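> Dropping a prediction and its sequence here:
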Amino acid sequence: MQSIYKKLTAQDIGQVPFNANKQYNIHSSSFTSQSITNWESSDNYTWSSASIESFSSGAKDGIYPTLDTQYSLKYFQLEHLFYKDFKLSLNEKLGHVHYLKHKRELYNQVRTISVPNGLCGSRIKPLTFKIKGNTDIIDDSYGNLYVSSSTLSDYNTDIRANVLKIGPEKGFKNYDLNTMNDEFEAGLFYRRGKKRSVNPITSYTKENIIDDSYFFNLLNYKNVTFSSKTLRGGEFSGINFNGTNSGIYIENDEKFHFNPEDDFTISFWADIKEPTVGQLSFTVNAMTGSSSGAENLTLISSDGTTKTYRVTAGTNATNLGGNVTSIQWDFSMPNATSAVNKATNLRDAINGSTGHNGKLVATVVGSTITIKQLDTPSTIGTIGNTSTTATTDFNSLVNLTVDNFRQGTDVDSYLVSKSTTQTIIPSITSNRNIPVNTQITGALQTKDVPSSPQFPFEVYAFNDWVYFRRSDGDTIKTISSSFTAGTLQHITCRVSSSQMEMFIDGVGSGTSGSEDFKRDTQNNANLYIGNKGETEKYLTGSLSQINIYDEALTNTQILNHYSSSNGSPYVGNIFYESGLVTITHPHYHSALNITDLNFQGSHLIYENEYQCTIEEHEFNHTLNPSARRNRNTNSQELANFATGSNFKPYITTVGLYNEAGELLVVGKLGQPTRMSDETDTTLVIRWDK
């Protein structure tokens with residue numbers, strides 16, 4: 001069979017690009033052969049305060065591996081290209097960005113996985129990435145990674161609701177206050193990594209530091225320090241307060257003007273110093289007691305309960321009548337253990353006596369007895385108010401004259417509050433005949449003055465209790481919950497539909513109640529953290545992951561914010577176009593065991609399209625020998641069936657040839673197509689490569 005040719009024009013040829021998604025399921029044993037770099041937890045990239053100039057360009061992987069043992073150069077590169085000042089300079093960072101959805105948080109360490117372009121193509125297709133192992137991790141299509149068993153709606157991920165956020169995310173850069181880094185020197189990199197040789201810094205004081213929220217609140221730090229805190233298995237930064245003059249304040253902002261019927265939530269991790277209560281200690285002497293019946297010790301606890309303890313030879317801790325409890329002491333000559341026995345008997349008498357049992361607690365170490373008042377009195381101002389009276393005969397049995405309790409710490413510590421103090425610009429006082437001088441000291445300068453009595457929130461701690469209260473100036477509403485002082489615990493205070501409630505470690509705890517305010521609770525006070533109005537009640541302890549939301553978190557969200565440590569479901573990021581995966585959440589740096597990677601790579605493919613147009617007068621005859629009278633292609637005589645007007649040729653195959661007549665592409669039609677002598681016919685041939 002012979003063929004018929006027609007030359008194609010430039011208008012007949014086109015190329016259409018499209019992405020083909022190829023699925024990859026790669027086991028960890030094939031990572032090396034597939035050129036996938038999986039940095040194990042022992043090789044986490046780690047931030048360093050040292051100068052980059054101290055590292056060799058071939059550090060860690062080159063000929064000087066000891067110079068960069070923690071992959072700090074890789075950390076600097078990753079931070080510079082993807083993370084540093086992301087919220088302020090997102091257009092300068094690599095990777096696709098959705099401002100409301102994309103979260104980039106980088107702590108002092110990060111674990112990475114790198115997928116080569118040969119596998120991911122132009123990008124990893126969103127919603128197809130999955131890390132399989134002891135914890136399965138997937139992407140959310142915006143570049144965030146989260147544990148596959150998590151439900152994102154069970155967290156509050158709306159950046160517009162998180163009106164204050166103080167991790168502090170970059171607090172680790174201030175652990176060492178005497179080594180220069182870019183946080184201190186405002187970009188003077190030639191000083192980075194150098195130690196301060198004079199005037200060492202013991203605390204951090206700085207103004208107008210941007211918080212970690214998208215509202216860019218300006219924080220004013222005063223005399224704080226930073227250190228690592230273990231929250232639910234991960235290392236995060238915490239802020240330490242000295243109990244004397246440290247704190248953070250934020251100038252008055254209407255974002256925090258929560259009035260009655262406004263919902264809001266305050267949450268943070270707190271490690272508050274254990275209370276120091278009033279106490280009395282003395283050592284019992286190993287001497288023979290008298291039998292005068294006048295060896296009396298009288299204790300009056302803070303609630304007024306009075307009890308007298310008398311040395312006797314009878315049974316220990318018995319009621320002798322007249323509000324007197326016996327202390328069994330040996331009247332014979334002392335032996336090696338008699339002082340210890342006497343102290344133990346006094347302890348048991350105090351702890352077991354009706355009236356003081358539960359109000360005073362006595363302990364013994366050797367022959368020394370310590371009597372403490374309970375550290376959770378119902379009202380502030382009672383610790384150390386226990387009084388002591390001892391007779392001369394009793395004092396002769398101990399090593400000193402027993403006097404009143406030594407006073408303990410009896411103050412509350414403020415954690416987060418918007419009350420007490422506000423900052424104003426005083427009005428200029430003028431005289432009609434004297435011009436105002438605005439250049440004298442104090443003119444037009446801000447001044448701190450007492451704020452109005454109402455306040456939207458105060459959160460403070462007293463001994464083993466934490467309190468959450470609000471006021472409209474006339475009515476004060478307070479709820480409280482016990483907590484464990486001296487340990488890190490997660491505290492949440494919520495107002496939802498005018499109901500105040502507290503949560504300790506994600507679980508509703510303590511008292512709760514409805515608001516019954518008649519007036520607004522907003523004021524013009526600054527927001528203070530770690531003290532009350534920067535005038536009193538300074539906190540001794542640490543805070544971390546401080547958040548305020550202008551909406552009420554659900555019970556599930558509060559529990560999950562506690563469980564995740566930092567209030568976020570996200571454990572890292574994926575940069576689809578770069579094939580780079582980062583595990584940033586501190587808990588998953590070492591806890592993640594990767595066995596498989598599943599993803600789809602988007603590979604750019606070009607589809608070639610050729611339009612073969614047959615005009616109505618072309619190709620209207622056939623060279624098929626069966627259409628000849630004598631079955632010979634050289635014969636000009638057609639068979640009878642081919643001479644009628646109904647006879648039309650059919651097309652079954654189309655071929656594309658080069659200039660040399662070489663066949664390049666063959667297109668087979670699904671079924672023979674009849675030619676038309678009334679209209680043009682166009683055959684479209686497509687193939688990709």
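Now that the structure is in, tell me what you want to look at.
> Next, count neighbours for the nearest residue to Gln328 once chain neighbours are set aside.
For Gln328, ignoring the flanking residues on the chain, the nearest one in space by Cβ to Cβ, 6 or more residues apart in numbering is Asn316 at 3.7 Å. (C-beta placed from N, C-alpha, C; glycine too.) Residues lying near Asn316 (other Cβ atoms under 10 Å) number 17.
> and Asn316, what is it in contact with?
326-328, 345, 348-349 (Cβ atoms under 8 Å, 6 or more residues apart in numbering).
> List the ones among those that fall in strands.
326-328 (DSSP state E).
> and which of the residues you listed is nearest to Glu274?
Distances from Glu274 to those, taken as Cβ to Cβ, are shortest for Ile327 (30.1 Å).
> For the residue nearest the centre of the chain, pull up the helix or strand it's in.
Nearest to the geometric centre of the chain sits Asn566, at 2.3 Å (Cα atoms, centre = their mean). Under the criterion DSSP states H and E, no helix or strand holds Asn566.
> Next, work out how far apart it and Glu235 are.
11 Å (Cβ to Cβ, to the nearest Å).
> try Asn593
From Asn593 to Glu235 the distance is 19 Å (Cβ to Cβ).
> For the residue nearest to the centre of the chain, give me its contacts.
105, 167, 231, 234, 236, 545, 585.
> residues contacting the first one?
With Cβ under 8 Å, 6+ apart as the criterion, the residues that contact Glu105 are 83, 169, 212, 566, 568, 570, 584.
> Around the residue found closest to the first one once you drop the neighbours it is linked to in the chain, count how many other residues there are.
The one in question is Tyr83. Spatially, and ignoring its direct neighbours in sequence, Tyr83 is nearest to Leu106 (4.2 Å; Cβ to Cβ, 6+ apart). Leu106: 21 surrounding residues under other Cβ under 10 Å.
> do Thr521 as well
24.
> What are the phi and psi values at it?
Main-chain dihedrals, Thr521, degrees, to the nearest 10: phi -110, psi 0.
> Mind pulling the model confidence for it?
Here, the pLDDT recorded for Thr521 equals 97.
> what about Tyr142, which SS state?
coil (DSSP: H, G, I helix; E, B strand; the rest coil).
> go on, Phe394?
helix.
> how deep is it tucked in, by neighbour count?
Count around Phe394 with other Cβ under 10 Å applied: 22.
> Mind pulling up the pLDDT for it?
pLDDT at Phe394 comes out at 92.
> was I right about it contacting Leu297?
Yes: if you go by Cβ atoms under 8 Å, Phe394 and Leu297 touch, sitting 5.2 Å apart.
> ok, Asn593 and Glu235, which is more surrounded?
Glu235 (17 against 13).
> Roughly how far does that one sit from Glu79?
Look at Glu235 and Glu79: by Cβ to Cβ, they are 18 Å apart.
> do Phe256 as well
31 Å.
> show me the contacts for Ile26.
34, 36, 596-598.
> So which of the residues you listed belong to strands?
With strands taken from DSSP E, the overlap with these comprises 596-598.
> Quick check: closest non-adjacent residue to Asn144.
Spatially, and ignoring its direct neighbours in sequence, Asn144 is nearest to Tyr570 (4.6 Å; Cβ to Cβ, 6+ apart).
> What pairs with whatever helix or strand Ile574 lives in, parallel or antiparallel?
Here Ile574, judged by DSSP H and E, is contained in strand 570-575. Next to strand 570-575 in the sheet, as set by DSSP bridges, lie strand 144-147 (antiparallel), strand 580-583 (antiparallel).
> Adding mean pLDDT and mean neighbour count, write those strands out as CSV.
Listed next are the strands paired with strand 570-575 as CSV, based on pLDDT from 0 to 100; neighbours: other Cβ atoms under 10 Å:
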stretch, mean pLDDT, mean neighbour count
strand 144-147, 97, 21
strand 580-583, 96, 24
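> Kindly reformat those strands as JSON lines containing distance to Ser509.
Shown next, in JSON lines, are the strands paired with strand 570-575 (distance: least, Cβ to Cβ, whole Å):
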{"stretch": "strand 144-147", "distance to Ser509": "27"}
{"stretch": "strand 580-583", "distance to Ser509": "33"}
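> picking that back up, what touches both of Phe394 and Leu297?
With Cβ under 8 Å, 6+ apart, Phe394 and Leu297 have common neighbours Val402.
> Got a quick PyMOL command for the buried subset of the contacts of Glu105?
The buried residues among those can be selected in PyMOL (16 or more other Cβ atoms under 10 Å) with this line:
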select buried, resi 83+169+212+566+568+570+584
